[in-house]
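Engineer: Whatever this is, show me its structure:
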Amino acid sequence: TSGSNKLIPNSELEIYEYLYPIIQNDTELGWFLIGVDISEDRKEFENFLTGIVSFEIGLFFILVFISYVFTKRITSPIISLHDSVKRFARKKKNVEVNITAKNELFDLGQSFNQMTKRIAEINEELEFKVNERTQELEESIEKLKKAQDQAQEADMQAGMAEIATNVLHDVGNVLNSVNV
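Structural biologist: Numbering: from 1, shown residues only. I've put the predicted structure just below:
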């Protein structure tokens, strides 16, 4: 036969008994009973489990905090860049991104800053050229108006001269007819 084991309930102690047969030459000589008090071990084991569970809970909160910090570290430059792009799209001038991390996002932020500065420079150049061209056009318009006024004055004088010539011609004709 084989051995058996069982836990004997006791109000103060927890005893684990192991009953094992003693056999010699196929003859059962008796039984060997071993009893072990596991109440102290159980308390130590429960304390050990409590410690492990406490450690795991603490480790969980530490990992959540670390995850939050790393997530914030990664997403805050992206959010900053996103907000700057939105401000730039709303035609805000002098938009700049400030990303301190030395990674690809930093490079992207620097490129964005260079792009906005270059666009601002191009806008200034265009505004200067537009103002310059507008001034040239205004001067040309003023010259054209003066030339038009002079042409009108010349036309008016030429018209008056023609009228005077016609009047003199008509007066001459009348005088010639009276002389005849």
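Engineer: Tell me where the model's unsure across the chain.
Structural biologist: Across the chain, the ranges flagged by pLDDT under 70 are 1-13, 179-180.
Engineer: Where do the helices of it begin and end?
Structural biologist: 39-89, 104-179 (DSSP state H).
Engineer: for the last one, packing partners?
Structural biologist: So the one you mean is helix 104-179. When contacts are defined as 3 or more C-beta pairs under 8 Å, 6 or more residues apart in numbering; DSSP states H and E, helix 104-179 packs onto helix 39-89. Quick note: C-beta positions are derived from backbone N, CA and C, even for glycine.
Engineer: Give me the helices and strands touching the helix it packs on, please.
Structural biologist: Using 3+ C-beta pairs under 8 Å, 6+ apart: helix 39-89 touches helix 104-179.
Engineer: quick one: the helix it packs on to chain centroid distance?
Structural biologist: 50 Å (C-alpha atoms, centre = their mean, to the nearest Å).
Engineer: what angle sits between that helix and helix 39-89?
Structural biologist: 10 degrees (axes from the mean of the first three to the mean of the last three C-alpha atoms, to 10 degrees).
Engineer: going forward, begin numbering at 44 instead of 1
Structural biologist: Sure, I'll start counting at 44 from here, so that last one is helix 147-222.
Engineer: thinking again about what came up before, can you put the helices of the chain in JSON lines and add distance to residue 71 and mean neighbour count?
Structural biologist: Shown next, in JSON lines, are these (distance: least, C-beta to C-beta, whole Å; neighbours: other C-beta atoms under 10 Å):
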{"stretch": "helix 82-132", "distance to residue 71": "32", "mean neighbour count": "11"}
{"stretch": "helix 147-222", "distance to residue 71": "79", "mean neighbour count": "11"}
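Engineer: Let me have these in a markdown table, extended by distance to residue 66.
Structural biologist: As requested, these are exported to a markdown table (distance: least, C-beta to C-beta, whole Å):
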| stretch | distance to residue 66 |
| --- | --- |
| helix 82-132 | 30 |
| helix 147-222 | 76 |
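Engineer: any idea how far residue 152 is from residue 123?
Structural biologist: 8 Å (C-beta to C-beta, to the nearest Å).
Engineer: Overlap in contacts, those two.
Structural biologist: Shared contacts of residue 152 and residue 123 (C-beta atoms under 8 Å, 6 or more residues apart in numbering): 140, 141, 142.
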